[in-house]
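J.: Following is a predicted model, sequence given first.
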Amino acid sequence: MSEERTLETAAARAARAEALLDDELLSESFDTLEKNYIAAWRATTVDDAAGREKLFLAINVVGKVRDHLAGVVANGKLARAQLKELAETAERRKRFGII
């Protein structure tokens, strides 16, 4: 895959990830899951260490999914900037007859 195609793919993925992060239903789902896991975690008994551990992991997974989507958005912004730079460089070369 060419560099330009890779950058275009990253930019497209960023747009999709940004739409997901902006989606009210998905955001509400993440918040609800996190609140429910925290409530269940707090309601565990003293001797339920395994249950607390599983709930702790579940809480962290919700955050990791959010972080992954935010990372895709950040990578896409960088890819768009690189695509812009490539286009500007190609335009300068064309203007000066280098191509």
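T.: That came through, no problem. Computed from a predicted model, the values in this text were never measured in an experiment. Numbering: from 1, shown residues only.

J.: so is Ile98 in a helix, a strand, or just coil?
T.: What DSSP: H, G, I helix; E, B strand; the rest coil gives for Ile98 is coil.

J.: scratch that, Val46 is what I was asking about
T.: Three-state call for Val46 (three-state DSSP): coil.

J.: Do a quick rundown of the helices in the chain.
T.: Listed from the start of the chain, the chain has helices (DSSP state H) covering 3-22, 24-42, 49-95.

J.: Could you export those helices as CSV, including mean pLDDT?
T.: Formatted as CSV, the helices of the chain follow (pLDDT from 0 to 100):
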stretch, mean pLDDT
helix 3-22, 96
helix 24-42, 97
helix 49-95, 94
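
J.: Would you convert these into JSON lines that also reports mean neighbour count?
T.: (Each C-beta comes from the backbone N, C-alpha and C, glycine too.) JSON lines is the format used below for these (neighbours: other CB atoms under 10 Å):
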{"stretch": "helix 3-22", "mean neighbour count": "15"}
{"stretch": "helix 24-42", "mean neighbour count": "13"}
{"stretch": "helix 49-95", "mean neighbour count": "14"}
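
J.: Distance from the chain centre to stretch 70-83, please.
T.: 10 Å (CA atoms, centre = their mean, to the nearest Å).

J.: May I have stretch 32-49 exported as PDB, CA atoms only?
T.: What follows is stretch 32-49, C-alpha atoms only, in PDB (Å, rounded to 0.1, in the frame of the first residue of the first chain):
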ATOM      1  CA  THR A  32     -24.000   3.600  31.900                       C
ATOM      2  CA  LEU A  33     -21.700   0.600  31.700                       C
ATOM      3  CA  GLU A  34     -19.000   2.400  33.800                       C
ATOM      4  CA  LYS A  35     -21.600   3.500  36.400                       C
ATOM      5  CA  ASN A  36     -23.100   0.000  36.700                       C
ATOM      6  CA  TYR A  37     -19.700  -1.600  37.000                       C
ATOM      7  CA  ILE A  38     -18.600   0.800  39.700                       C
ATOM      8  CA  ALA A  39     -21.900   0.300  41.600                       C
ATOM      9  CA  ALA A  40     -21.500  -3.500  41.400                       C
ATOM     10  CA  TRP A  41     -17.900  -3.200  42.400                       C
ATOM     11  CA  ARG A  42     -18.800  -1.100  45.500                       C
ATOM     12  CA  ALA A  43     -21.600  -3.600  46.400                       C
ATOM     13  CA  THR A  44     -19.300  -6.600  46.500                       C
ATOM     14  CA  THR A  45     -18.700  -8.300  49.800                       C
ATOM     15  CA  VAL A  46     -15.400  -8.300  51.700                       C
ATOM     16  CA  ASP A  47     -14.600 -11.800  50.700                       C
ATOM     17  CA  ASP A  48     -15.400 -11.400  47.000                       C
ATOM     18  CA  ALA A  49     -12.000 -10.500  45.800                       C
END
